[in-house]
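Colleague: Sequence and predicted structure, then a few things I'm wondering about:
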Amino acid sequence: MTTYAMVIDTRTCIGCGDCVVACKNENKVPAGLNRDWVVEATRGEYPNLETEFRSERCNHCGHATCVTNCPTGASHYWKDTNIVLVAAEKCTGCKACIAACPYDARLIMHPEGYVDKCTFCHHRVDRGLDPACVSTCPTRCMHFGILDDRDSIVSRLLRERRYKTLMPETGNDPHVYYLL
Amino acid sequence: MIEEVLVTARYNPKVDPSLGIWTWEIAFYLFLGGMAAGIMLFAAWAVLGRRENALAFAHNRFALWAPVVLSLGMTTLFLDLEYKLHVFRFYTSFEPSSPMSWGAWVLVLIYPLMLVQTLSTLRTGYPTLAGLVERIPGGAVILSLCEHRRRLIAWLVIPLAVGLGIYTGVLLSAFSARPFWNSGILGPLFLVSGMSTAAVLPILAGAHPQERHFFEITDMALIAVELVLIALFLINLATGAAQHMDALALVTGGPYTAPFWLWFVLPGLLVPIVFELAGLRGYRGLGLVAGVLVVYGGFMLRYLMVDIGQASTWTDYALQFDPQLLQRLMQ
Ligand code: SF4
Ligand code: SF4
């Protein structure tokens, strides 16, 4: 299995939200719906405050509970990778996968009714391109690549820098990494 | 202190600001599924215990109620699907890791079994219906065959109905992402609650006094077990990890405290058990009120569980923008 990872530098991210706009454009996400979003986390007591911006989306989990809970196989791993997709023609809209995602990363594609989410722009990845959010980021704080490849930019960054994933204690094995 | 706010708009319908994907439709389905399992169990029990006289209603008439109740539940489940045309997709694959997939396939076994269980009781319980079936070519033979195999059918019903009852709880408990649901006790709890709501039906349907007496005593025992299971469920949350303790706080001081204790535990469990006791002492009216309250409590249990589970979460971001602005933009 090929493991793709997204590595986001919280020290460079300024929370501009361009990644969110890029995703909406690239994937024609209807108005009012979002596959990615930016969180501003502030820690500490005034005046010793520390702020971190995090661009968040589906974590393309190695142990994706959305996939294990899907009753029809609509939620699946793409081509023996960790990229989790939804096959619209198989989706009943039962919403089990939405309940099963601890990151609340899924949404209902209205008016059609099937369930949607970040795809890591697999249609671009297939052509050797980065996801739209990664290529758009004006501060170049987002990186994408294959984790199993030691020479990839993501492997290198994770070797060189301190990082975290969101709530690894869910047991979902998330693959969006945040550099600290 | 840590404060996490969304700085870009995120207001996905039914997901933000807090999960609301499942409402009364799923609660009704879980409630009726449990009740159907309970009905099948009591009907089978009456046959296996050879109680055709003492439990005449359960023995002869109860089985027919199960497919009616379950079909009603299946209807509300169908109503909940966002993509109704794709309902057949449940049957184009079997996903062993998905409880919902198991549930869909178990129904394929349950329905025929319900049908033969009902057919085996039709001549004694519903002669008019039996007459109609007999008019169909081969109908009389099938009825006789089912009657003849009544005990075998009852034996088969027991494990499958227990499975159906437990399944209604496992459906929720399988979601590790929702700490309030993530407890193995939900399965037995929903099974016992389903049996309890089924046990009061013969009382409400006017079974004869001896049978009412049996079901009143049975239901009191079931409610007592239910209370113990609820206590264990809460203890389990209280002794869990941070997410479980946060989930427990929703019903111990949090926004669901009054609904849980005052709308469910008190009127749905404690009052009925007292009224049933009074019913046994000859206050028939109170026994009937208890029956209605038990049915209400059974539904409330599912309704609140579905709701509270969705409120318990791993992520909890505050919204920094006004979602109404977004709605205005979309008009
Ligand atoms: S983040 Fe949620 S939707 Fe994405 S793979 Fe993990 S469980 Fe599935
Ligand atoms: S909503 Fe669709 S993708 Fe999600 S679990 Fe149900 S069938 Fe699978």
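Modeller: That came through fine. Numbers count the residues shown, from 1 in each chain, chains lettered A, B, ... in the order given. Ligands and ions are numbered 1, 2, ... in the order given.
Colleague: so what's residue 93 closest to, chain neighbours aside?
Modeller: Since you didn't name a chain, this refers to chain A. In this structure, A:Gly93 finds its nearest non-sequential neighbour in B:Glu82, 2.6 Å apart by C-beta to C-beta, 6 or more residues apart in numbering or on different chains. The way it works is simple: take the backbone N, C-alpha and C, and place the C-beta from them, glycine included.
Colleague: Chain B, not that one
Modeller: With C-beta to C-beta, 6+ apart as the criterion, B:Ser93 has its nearest non-adjacent residue at 4.5 Å, and that residue is A:Gly73.
Colleague: Confirm for me that the one you found is in contact with B:Tyr91.
Modeller: No: taking contacts as C-beta atoms under 8 Å, A:Gly73 lies outside contact range of B:Tyr91: 11.6 Å.
Colleague: neighbour-wise, which of those two wins?
Modeller: Neighbours were counted for A:Gly73 and for B:Tyr91 using other C-beta atoms under 10 Å in any protein chain shown; A:Gly73 has more, 17 against 14.
Colleague: pretty sure the more buried one is in a helix, no?
Modeller: No: the assignment for A:Gly73, made by DSSP: H, G, I helix; E, B strand; the rest coil, is coil rather than a helix.
Colleague: dump the residue contacts of it.
Modeller: Residues in contact with A:Gly73 (C-beta atoms under 8 Å, 6 or more residues apart in numbering or on different chains) are A:87, A:90, B:93, B:95.
Colleague: pLDDT score for it?
Modeller: A:Gly73 carries a pLDDT value of 97.
Colleague: what's the answer for A:Gly44, then?
Modeller: In this model, A:Gly44 is scored at 88, pLDDT.
Colleague: try B:Val5
Modeller: For B:Val5, the model assigns a pLDDT of 85.
Colleague: In three-state terms, label it for me.
Modeller: Three-state call for B:Val5 (three-state DSSP): strand.
Colleague: which phi and psi does whichever residue of the stretch 201-331 of chain B sits closest to chain A have?
Modeller: With C-beta to the nearest C-beta as the measure, B:Trp314 is the residue of the stretch 201-331 of chain B nearest to chain A, at 4.3 Å. Main-chain dihedrals, B:Trp314, degrees, to the nearest 10: phi -90, psi -30.
Colleague: count of residues packed around it?
Modeller: As a burial measure, B:Trp314 scores 19 neighbours (other C-beta under 10 Å).
Colleague: so where is the stretch 201-331 of chain B shaky, pLDDT-wise?
Modeller: The model of the stretch 201-331 of chain B has pLDDT under 70 over residues B:320-331.
Colleague: where along it do the strands fall?
Modeller: Applying DSSP state E, counting those that start in this stretch to the stretch 201-331 of chain B gives strands spanning B:318-319.
Colleague: same thing with chain A?
Modeller: Counting by DSSP state E, chain A has strands at residues A:4-9, A:37-45, A:48-56, A:75-77, A:84-86, A:107-109, A:114-116, A:142-146, A:163-165, A:176-179.
Colleague: which outside residues touch the first one?
Modeller: What that stands for is strand A:4-9. Contact with strand A:4-9 is made by A:54-55, A:57, A:60, A:81-83, A:120, A:125, A:131, A:134, A:141-147, A:153-154, A:157-158, A:161, A:163, A:175-179, as judged by C-beta under 8 Å, 6+ apart.
Colleague: need the helices for chain A, in chain order.
Modeller: Secondary structure of chain A (DSSP state H): helices located at A:18-27, A:65-69, A:96-100, A:122-125, A:132-136, A:153-160.
Colleague: now swap in chain B and tell me
Modeller: Counting by DSSP H, the helices of chain B are B:24-48, B:56-60, B:65-80, B:99-125, B:127-135, B:139-148, B:150-173, B:186-204, B:209-238, B:242-249, B:257-258, B:271-280, B:284-311, B:323-330.
Colleague: any chance of these in JSON lines, with mean neighbour count and distance to ligand 2 too?
Modeller: Shown next, in JSON lines, are these (neighbours: other C-beta atoms under 10 Å in any protein chain shown; distance: least, C-beta to the nearest ligand atom, whole Å):
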{"stretch": "helix B:24-48", "mean neighbour count": "26", "distance to ligand 2": "13"}
{"stretch": "helix B:56-60", "mean neighbour count": "23", "distance to ligand 2": "37"}
{"stretch": "helix B:65-80", "mean neighbour count": "19", "distance to ligand 2": "11"}
{"stretch": "helix B:99-125", "mean neighbour count": "20", "distance to ligand 2": "7"}
{"stretch": "helix B:127-135", "mean neighbour count": "13", "distance to ligand 2": "37"}
{"stretch": "helix B:139-148", "mean neighbour count": "15", "distance to ligand 2": "36"}
{"stretch": "helix B:150-173", "mean neighbour count": "21", "distance to ligand 2": "12"}
{"stretch": "helix B:186-204", "mean neighbour count": "27", "distance to ligand 2": "19"}
{"stretch": "helix B:209-238", "mean neighbour count": "18", "distance to ligand 2": "26"}
{"stretch": "helix B:242-249", "mean neighbour count": "18", "distance to ligand 2": "22"}
{"stretch": "helix B:257-258", "mean neighbour count": "11", "distance to ligand 2": "32"}
{"stretch": "helix B:271-280", "mean neighbour count": "20", "distance to ligand 2": "36"}
{"stretch": "helix B:284-311", "mean neighbour count": "21", "distance to ligand 2": "15"}
{"stretch": "helix B:323-330", "mean neighbour count": "11", "distance to ligand 2": "23"}
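Colleague: will you turn those helices into JSON lines that also has distance to A:Asp116?
Modeller: Listed next are the helices of chain B as JSON lines, based on distance: least, C-beta to C-beta, whole Å:
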{"stretch": "helix B:24-48", "distance to A:Asp116": "21"}
{"stretch": "helix B:56-60", "distance to A:Asp116": "48"}
{"stretch": "helix B:65-80", "distance to A:Asp116": "18"}
{"stretch": "helix B:99-125", "distance to A:Asp116": "19"}
{"stretch": "helix B:127-135", "distance to A:Asp116": "47"}
{"stretch": "helix B:139-148", "distance to A:Asp116": "48"}
{"stretch": "helix B:150-173", "distance to A:Asp116": "23"}
{"stretch": "helix B:186-204", "distance to A:Asp116": "29"}
{"stretch": "helix B:209-238", "distance to A:Asp116": "32"}
{"stretch": "helix B:242-249", "distance to A:Asp116": "26"}
{"stretch": "helix B:257-258", "distance to A:Asp116": "35"}
{"stretch": "helix B:271-280", "distance to A:Asp116": "44"}
{"stretch": "helix B:284-311", "distance to A:Asp116": "19"}
{"stretch": "helix B:323-330", "distance to A:Asp116": "17"}
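Colleague: Of the ones you listed, which is nearest B:Ser18?
Modeller: With distances scored as C-beta to C-beta, the stretch of the helices of chain B nearest to B:Ser18 is helix B:284-311 (5.8 Å).
Colleague: relative to helix B:209-238, how tilted is the closest one?
Modeller: 30 degrees (axes from the mean of the first three to the mean of the last three C-alpha atoms, to 10 degrees).
Colleague: quick one: helix B:284-311 to chain centroid distance?
Modeller: With C-alpha atoms, centre = their mean, to the nearest Å as the basis, helix B:284-311 stands 10 Å off its chain's centre.
Colleague: and it, what does it pack onto?
Modeller: Under the contact definition 3 or more C-beta pairs under 8 Å, 6 or more residues apart in numbering or on different chains; DSSP states H and E, helix B:284-311 sits against helix B:24-48, helix B:150-173, helix B:186-204, helix B:209-238, helix B:271-280.
Colleague: Output those helices in TSV, with distance to chain A appended to each entry.
Modeller: Below are the helices and strands packed on helix B:284-311 laid out as TSV (distance: least, C-beta to the nearest C-beta, whole Å):
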stretch	distance to chain A
helix B:24-48	9
helix B:150-173	8
helix B:186-204	14
helix B:209-238	17
helix B:271-280	31
